[in-house]
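Enquirer: Sequence and predicted structure, then a few things I'm wondering about:
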Amino acid sequence: MSAATSSIVHPSARIGADTTLGEHCVVGANVRIGDGCRIGHHVVIHADTRIDDQVRIDDHASLGKLPMKAANSATTKEQELPPLTIGTLCIVGTGVVLYRGAAIDAKVLMADLSTVRENVAIGRGTIVGRGVTVENFCTIGRFCKLESECYITAYSTLEDRVFIAPGVVTSNDNYVGRTAERFKHFKGVTVRRGGRVGAGVVTLPGVTIGEDALVAAGSVVTRDVPPRTIVRGAPARAWREVPVEQLLDSQGWVDA
Amino acid sequence: MSAATSSIVHPSARIGADTTLGEHCVVGANVRIGDGCRIGHHVVIHADTRIDDQVRIDDHASLGKLPMKAANSATTKEQELPPLTIGTLCIVGTGVVLYRGAAIDAKVLMADLSTVRENVAIGRGTIVGRGVTVENFCTIGRFCKLESECYITAYSTLEDRVFIAPGVVTSNDNYVGRTAERFKHFKGVTVRRGGRVGAGVVTLPGVTIGEDALVAAGSVVTRDVPPRTIVRGAPARAWREVPVEQLLDSQGWVDA
Amino acid sequence: MSAATSSIVHPSARIGADTTLGEHCVVGANVRIGDGCRIGHHVVIHADTRIDDQVRIDDHASLGKLPMKAANSATTKEQELPPLTIGTLCIVGTGVVLYRGAAIDAKVLMADLSTVRENVAIGRGTIVGRGVTVENFCTIGRFCKLESECYITAYSTLEDRVFIAPGVVTSNDNYVGRTAERFKHFKGVTVRRGGRVGAGVVTLPGVTIGEDALVAAGSVVTRDVPPRTIVRGAPARAWREVPVEQLLDSQGWVDA
């Protein structure tokens, strides 16, 4: 391990042989970092975080932070969280914030200023775009693309190969913050395998977007979207079928 | 006070007895920090900032910064600003930017990467979500929820118990950056007590959303919204009354 | 040059006589910084970056970073990038991320948490608002205003004096991430001289917004917008002409 002398590494941390650490970093107790990682300047890695081999972490990232308990928050409960884990060959951008209790599989890119909360799993090869928020209690599949500035609300599920375009906004509370009843019904968006959601789309709580379906840019999704169907408008209505050449199985993609 | 030796504290700063300061922090002249605060790594606290007791501040926050004077900006004037103040039991997330001239009351949560500009007051117990911007010359009431990524434009007023959903965009200039006339008419959104604005809503300059009114997700608000009314669509039109069980006075909430 | 002793400056870097550098900064090899700059705390300036005179750079900015190569990204190719250049009298906000391969002309304001990617040119006097993303392969003209949280997709062109309101979302891929064909057709938004786009507007791939045209807030732009025309709605349709007093040539603005 090569660490700049301005960095502060807890004696109990273990860092792999070929890993480099920039200036002014802070590495907490019991952190494990693999071989061949490239870690920028001012990176903070909180206690117990597990980072696999050949991970790139850019300046000002803060990894493994504990949730903030807001007296008024509806979904953050006190809990024992497992350490943050980051798989091999991941890339973590500048200013990224990852919470303790997130599990990031291999080859995931988390672009600058993105945030992944606790109790989230992100599958292999997925891209989490610039400024994206993945709130708590979400499951994100493999090889998804969450484009810049999209917002994934708590209690959402994205299956494999899902595409979420820039600026998409999802929601999970039909009671809009009122009644005690609402706590039983929080439900974000569910996007089935290969589903695609266009730029600036807004989805209402609990909707499911079917396998290989497509929501056109600027739509407001108020009801479930059938598989392989393009919907558009506000509220979004069926328009036509997804062209065969755009279906997932027409792409010849191989998981890697 | 317990400060890591890598932190730099101005000799004129005063920090309470049980407060801990992380690594590589910078605390400026005449800063006052109360007792029992927990301050993360790489936190910058600019001159004169006042922080009350039991405040949590996470990594990479920058507090008390001076406005940036843009030659072309319409609303930033040179001025003497009072120091930033942060009340007791507040939580300040990772990468948060707070300006000199903001006044944050007790028990406010400012989530990661949120920004509060100068000449803003935020009331007790309010949640400012992840990535939220509160521009200058805004007044935010008590126990509001400003959800992730919403944008509160300059010259806006949110009264108590207002709910702004994720991705809401507000605006304040009907002249869209043209004519000298426009400088007399900047007006953001006004949301009366208990008003609620759904996910991804866009509001035009100067609209007022009435007491306990609700704007459905994805709407575009071009006119004032009457009290206790649900509006929806683009442009938003009255749809029905807010159900009694969702009215603010039906919640049994007590200020705390 | 006055540098706090906690800052780390590469021996090959050159910093102008009246420039001040805050605490815990990192200045890389062959960096050039002019006279009279004011650089905050925890600023990282990567190798080769060129900064002209009288530039203000706020805390936690990271300048000149190398692109992150995502295995799955459609538009990031390996390449030799020229150093980041920042013109005289620019202001760089807190937490700003600027890539190697961006060219920022004089008097540009990049507000807090904004990001400018590689292969981008930004013209003199332009304001890049808080949280704004300018993706790669964009050309931004002189004296534009890109308001808070707008999103400028890759392969976009904004000519001089363009106004993009808060929360605007642009897009560039009509194939929404599918087919090999799509790589030939990426095209963002083109906004001609003086064009204006209102709050929360969504634009589809490849649309051109004509000279001095105006898109009303909340619209979805699916087709080209004629010059000096106001469009509104989803999909946006012609509504009326831009009032003469709002035309660019009626403002009496002089470039400075």
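Expert: Happy to help now that I have it.

Enquirer: what ranges do the helices span in the stretch 51-200 of chain A?
Expert: Counting by DSSP state H, counting those that start in this stretch, the stretch 51-200 of chain A has no helices at all.

Enquirer: Dig out what the closest residue to chain B within it forms beta bridges with.
Expert: Of all residues in the stretch 51-200 of chain A, the one sitting closest to chain B is A:Val169 (3.4 Å; C-beta to the nearest C-beta). Quick note: C-beta positions are derived from backbone N, CA and C, even for glycine. Note on A:Val169: beta-bridge partners by DSSP bridges are A:Tyr151, A:Val202.

Enquirer: Touching, it and B:Cys150? I think so.
Expert: No - assessed by C-beta atoms under 8 Å, A:Val169 is found out of contact with B:Cys150, at 9.6 Å.

Enquirer: Pull up the overlap in contacts between the two.
Expert: Shared contacts of A:Val169 and B:Cys150, defined by C-beta atoms under 8 Å, 6 or more residues apart in numbering or on different chains, comprise B:166-167.

Enquirer: the strands in the stretch 151-256 of chain A, which residues?
Expert: A:151-152, A:157-158, A:163-164, A:169-170, A:190-191, A:196-197, A:202-203, A:208-209, A:214-215, A:220-221, A:229-232, A:237-241 (DSSP state E, counting those that start in this stretch).

Enquirer: Any buried residues in the longest one, and which?
Expert: When burial is assessed from 16 or more other C-beta atoms under 10 Å in any protein chain shown, strand A:237-241 yields the following buried residues: A:Glu241.

Enquirer: So, low pLDDT: which residues of the stretch 1-150 of chain A?
Expert: By pLDDT under 70, the low-scoring segments of the stretch 1-150 of chain A are A:1-4, A:70-79.

Enquirer: and it, which of its residues are near chain C?
Expert: A:4, A:6, A:22-24, A:40-42, A:56, A:58-60, A:91, A:93-95, A:107, A:109, A:111-113, A:125, A:127, A:130-131, A:143, A:145, A:148-149 (C-beta under 8 Å from any C-beta of the partner chain).

Enquirer: Buried subset of the residues you listed, written for PyMOL?
Expert: A single PyMOL command selects the buried members of these (16+ other C-beta under 10 Å):
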select buried, chain A and resi 6+22+23+24+40+41+42+56+58+59+60+91+93+94+95+107+109+111+112+113+125+127+130+131+143+145+148+149
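
Enquirer: Show me the residues of the stretch 1-150 of chain A next to chain C that map onto strands.
Expert: Among those, DSSP state E puts A:56, A:91, A:109, A:127, A:145 in strands.

Enquirer: from these, which is closest to A:Val220?
Expert: Nearest to A:Val220 out of these is A:Lys145 (C-beta to C-beta; 21.7 Å).

Enquirer: I figured that closest one hits A:Asp160, correct?
Expert: No - look at A:Lys145 against A:Asp160 with C-beta under 8 Å: they stay out of range, at 11.3 Å.

Enquirer: So what sits opposite the closest residue to A:Ala234 other than its chain neighbours in the bridge?
Expert: Of all residues not flanking A:Ala234 in the chain, A:Val220 sits nearest, at 3.8 Å (C-beta to C-beta, 6 or more residues apart in numbering or on different chains). Taking DSSP bridges as the rule, A:Val220 bridges to A:Val202.

Enquirer: tell me the contacts of A:Val220?
Expert: Here A:Val220 is in contact with A:201-204, A:233-236, B:200, B:217-218 (criterion: C-beta under 8 Å, 6+ apart).

Enquirer: Pipe the residues you listed into a markdown table and attach neighbour count per row.
Expert: Shown next, in a markdown table, are the contacts of A:Val220 (neighbours: other C-beta atoms under 10 Å in any protein chain shown):
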| residue | neighbour count |
| --- | --- |
| A:Val201 | 31 |
| A:Val202 | 30 |
| A:Thr203 | 32 |
| A:Leu204 | 23 |
| A:Gly233 | 17 |
| A:Ala234 | 22 |
| A:Pro235 | 15 |
| A:Ala236 | 25 |
| B:Gly200 | 31 |
| B:Ala217 | 27 |
| B:Gly218 | 32 |
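
Enquirer: just curious, which of these is nearest to chain C?
Expert: A:Ala234 (6.1 Å).
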